[in-house]
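Novice: I would like the atomic coordinates for the input below:
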Amino acid sequence: MAWIFLLIAGLLEIVWATLMKASDGFTKLWPSVGTIGFMVLSFGLLAMAMKTLPLGTAYAIWTGIGAVGAFVVGIAVMGEAVTIMRVAGALLIVSGIVVLKLSSSH
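Specialist: I've put the predicted structure just below:
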């Protein structure tokens, strides 16, 4: 269950990061409220996953899912630039997530 909690926590991180951008510096009410709500849910699930997963593994994978997911949302939804260097960076993050998962004994 810890890996499922971690995956959902990472997906929720993408949601709150996207809403934070939409909040325009916390000047728009509903995106700001959504940001905080999804943050709480994401952190809560991360905490549950950390009951059994190692700290470094859980935290790195959580932030990796959020970073790569926000990168994809930025490109697909917000029209951010696609460059070789940005894509290479995202692929390195994904590679790190895979290595961490494969090296975990949990």
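Novice: The residue nearest the centre of the chain: which element?
Specialist: Closest residue to the average C-alpha location of the chain: residue 66 at 1.5 Å, with Cα atoms, centre = their mean. Under the assignment given by DSSP states H and E, the secondary-structure element containing residue 66 is helix 55-76.
Novice: Tell me which helix or strand comes right after that helix.
Specialist: Beyond helix 55-76 on the C-terminal side, the first helix or strand identified by DSSP H and E is helix 84-103.
Novice: Now for the residue nearest to the centre of the chain: which residues touch it?
Specialist: Under the criterion of Cβ atoms under 8 Å, 6 or more residues apart in numbering, the neighbours of residue 66 are 10, 13-14, 17. Yep, even glycine has a C-beta here, placed from its N, CA and C like the rest.
Novice: Apart from its neighbours in sequence, what residue is nearest residue 94?
Specialist: Nearest non-adjacent residue to residue 94, counting by Cβ to Cβ, 6 or more residues apart in numbering: residue 68, 5.9 Å away.
Novice: In which helix or strand does the nearest residue to residue 70 once chain neighbours are set aside reside?
Specialist: The spatially closest residue to residue 70, leaving aside those adjacent along the chain, is residue 17, at 4.5 Å (Cβ to Cβ, 6+ apart). Remark: residue 17 resides in helix 2-22, with elements defined by DSSP H and E.
Novice: Against residue 16, how distant is residue 46?
Specialist: Taking Cβ to Cβ, to the nearest Å as the measure, residue 46 and residue 16 are separated by 12 Å.
Novice: which residues do those two both contact?
Specialist: With Cβ under 8 Å, 6+ apart applied, the contact sets of residue 46 and residue 16 do not overlap.
Novice: what about residue 29, how many neighbours?
Specialist: As a burial measure, residue 29 scores 9 neighbours (other Cβ atoms under 10 Å).
Novice: err, residue 76, not the other one
Specialist: Neighbour count of residue 76, defined by other Cβ under 10 Å: 10.
Novice: ok, it to residue 18 distance?
Specialist: 11 Å.
Novice: picking that back up, model confidence score at the residue nearest to the centre of the chain, please.
Specialist: Looking at residue 66, its pLDDT is 97.
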